[in-house]
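A.B. asks: here are the coordinates; sequence isn't available:
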Ligand code: ACO
């Protein structure tokens, strides 16, 4: 049995922050941000009530309702995030409590922007092994709390939000999937962000924020993601044109267009919401999937390919029948 997506959901914070309003915070412009990234605005949490947990639970609940599944029917909850509210309990356990999914095992996965794909592949492996039959997978980030809001090279890129899918074990659904990591490249995208309070270890008192070498990440993405997609298609014995839609990690529209060009495919096959969501890391692919699904763009039997890259370094892809 393989993983079949049977419902989607998402949750975006109410506050929309435009490029123009960021130009009041740092020395930037709508023209610079749009031309380099395709981003026009992003949603950012703006109250104590909006948290990683609150967005994850709302997106998860919406996916269950879309699937017609009750929380009590879930065997597994996986949450992909690098921005949990707590170190422990995990966001997945907190979502379990919030939804009342009393029979589910729950844990978090940290593979940065590839996290949702790592979680989907993990669920698929559990289903293939016959261990579980139903799962809820949530990608959620509140990256706004990890960003240095005086650093114009990163603060304009990211947004907050959550996306979720309900998944069941089925004869059809997942066709092929892959994931990979290269820890030797980890220093191009780093967030330490935690003080060590051990009196025997002197680490200073500064909080670190997200650091990114943008050009190196760009080079990694435009090389690795098409390779990853090609190798997945090869594994499935399919051509790039056999796929109806490519739902890629929404980091930068220039990266998405470069991948479309490398695969010699029209941009219509690459739906994108980076313009109004920015980069929501582990949440980006499930938020986009929910948007595409709710717009009625997916028909039963469509072939979709999800793919992304992220800090770690990590990358992953999944080829599915809708
Ligand atoms: N507004 C105005 N100017 C800016 C801004 C800004 N927000 N940010 C940087 N600049 C300036 C720089 O200071 C630099 O000025 P200088 O030439 O005087 O030194 C100039 O713009 C060019 O900076 P670069 O970093 O070379 O700009 P680049 O064209 O590479 O674009 C960008 C930067 C958009 C970050 C690009 O490198 C990129 O998209 N990289 C990939 C980022 C990405 O995908 N991250 C995902 C991270 S998380 C994940 O999803 C894995």
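C.D. replies: Okay, I see it. Small disclaimer: the values here were computed from a predicted structure and weren't measured. Numbering: from 1, shown residues only.

A.B. asks: Show me which residues of the stretch 1-150 of the chain sit near the ligand.
C.D. replies: 28, 32, 33, 36, 37, 113 (CB under 6 Å from any ligand atom). (Glycine included, C-beta is placed from N, CA and C.)

A.B. asks: Run through the residues that contact the first one.
C.D. replies: The contact partners of residue 28, taken as CB atoms under 8 Å, 6 or more residues apart in numbering, are 19, 22, 152, 156.

A.B. asks: The last one against residue 35, yeah?
C.D. replies: No. With the criterion set as CB atoms under 8 Å, residue 156 and residue 35 do not qualify as a contacting pair; they are 12.0 Å apart.

A.B. asks: neighbour count winner among the two?
C.D. replies: residue 156 (25 against 11; other CB atoms under 10 Å).

A.B. asks: Provide a list of residues in contact with the residue most central in space within the chain.
C.D. replies: Here the mean C-alpha position of the chain is nearest to the C-alpha of residue 282 (CA atoms, centre = their mean), at a distance of 2.4 Å. By CB under 8 Å, 6+ apart, the contact set of residue 282 is 80-82, 111-116, 139-141, 310.

A.B. asks: Go through those residues and name the one nearest residue 168.
C.D. replies: Closest approach between the contacts of residue 282 and residue 168, by CB to CB: residue 116, at 17.4 Å.

A.B. asks: Return the per-residue confidence for the closest one.
C.D. replies: pLDDT recorded at residue 116 is 98.

A.B. asks: Residue 147 is in contact with residue 26, correct?
C.D. replies: No. Using CB under 8 Å as the test, residue 26 is too far from residue 147 to be in contact (11.0 Å).

A.B. asks: Quote the end-to-end distance of stretch 101-110.
C.D. replies: Start and end residues of stretch 101-110 are separated by 22 Å (CA to CA, to the nearest Å).

A.B. asks: Return the distance of it from the chain's centre.
C.D. replies: 17 Å (CA atoms, centre = their mean, to the nearest Å).

A.B. asks: ditto for stretch 142-154
C.D. replies: So, by CA atoms, centre = their mean, the centroid of stretch 142-154 is 18 Å from its chain's centroid.

A.B. asks: Tell me which residues are up against it.
C.D. replies: By CB under 8 Å, 6+ apart, the list of residues contacting stretch 142-154 from outside reads 25-28, 44-45, 51-52, 55, 82-83, 85, 155, 158-160, 191, 193, 209-212, 214, 279-281.

A.B. asks: Keep only those of these that are in strands.
C.D. replies: Using DSSP state E, 211, 212 are the members of the contacts of stretch 142-154 that sit in strands.

A.B. asks: got a list of what the closest residue to residue 257 other than its chain neighbours touches?
C.D. replies: The shortest distance from residue 257 to any non-neighbouring residue, by CB to CB, 6 or more residues apart in numbering, is to residue 267 (6.5 Å). Neighbouring residues of residue 267 by CB under 8 Å, 6+ apart: 256, 257, 260.

A.B. asks: how much space is there between residue 267 and residue 46?
C.D. replies: According to CB to CB, to the nearest Å, residue 267 and residue 46 sit 33 Å apart.

A.B. asks: Could you pick out the residues of the stretch 201-322 of the chain near the ligand for me?
C.D. replies: Selection of the stretch 201-322 of the chain residues close to the ligand by CB under 6 Å from any ligand atom yields 212, 214-215, 217-218, 221, 249, 251-252, 255, 279, 281, 309-311.

A.B. asks: By neighbour count, which of those wins?
C.D. replies: So for those (other CB under 10 Å), the most neighbours sit at residue 281, 33 neighbours.

A.B. asks: ok, it to residue 2 distance?
C.D. replies: 26 Å.

A.B. asks: what about the stretch 201-322 of the chain, any weak spots by pLDDT?
C.D. replies: For the stretch 201-322 of the chain, applying pLDDT under 70 flags the ranges 203-207.

A.B. asks: Could you list which residues are in contact with residue 244?
C.D. replies: 269, 298, 302, 303, 304.

A.B. asks: switch to 10 Å and redo it
C.D. replies: By CB atoms under 10 Å, 6 or more residues apart in numbering, the residues touching residue 244 are 269, 297, 298, 299, 301, 302, 303, 304, 305, 322.

A.B. asks: With residue 223 instead?
C.D. replies: Applying CB under 10 Å, 6+ apart to residue 223 gives the contacts 258, 262, 309.

A.B. asks: Which residue ranges of this protein form helices?
C.D. replies: Listed in chain order, the helices of the chain (DSSP state H) span 19-22, 30-37, 52-67, 91-99, 115-128, 152-155, 214-236, 253-262, 274-277, 284-294.

A.B. asks: Now the longest one: buried residues?
C.D. replies: Within helix 214-236, the residues that qualify as buried by neighbour count (16 or more other CB atoms under 10 Å) are 217-218, 220-222, 224-226, 228-229, 232-233, 236.

A.B. asks: Ok, stretch 37-46 next?
C.D. replies: Neighbour-count burial for stretch 37-46, counted by 16+ other CB under 10 Å, picks out 37, 38, 39, 40, 41, 42, 43, 44, 45.
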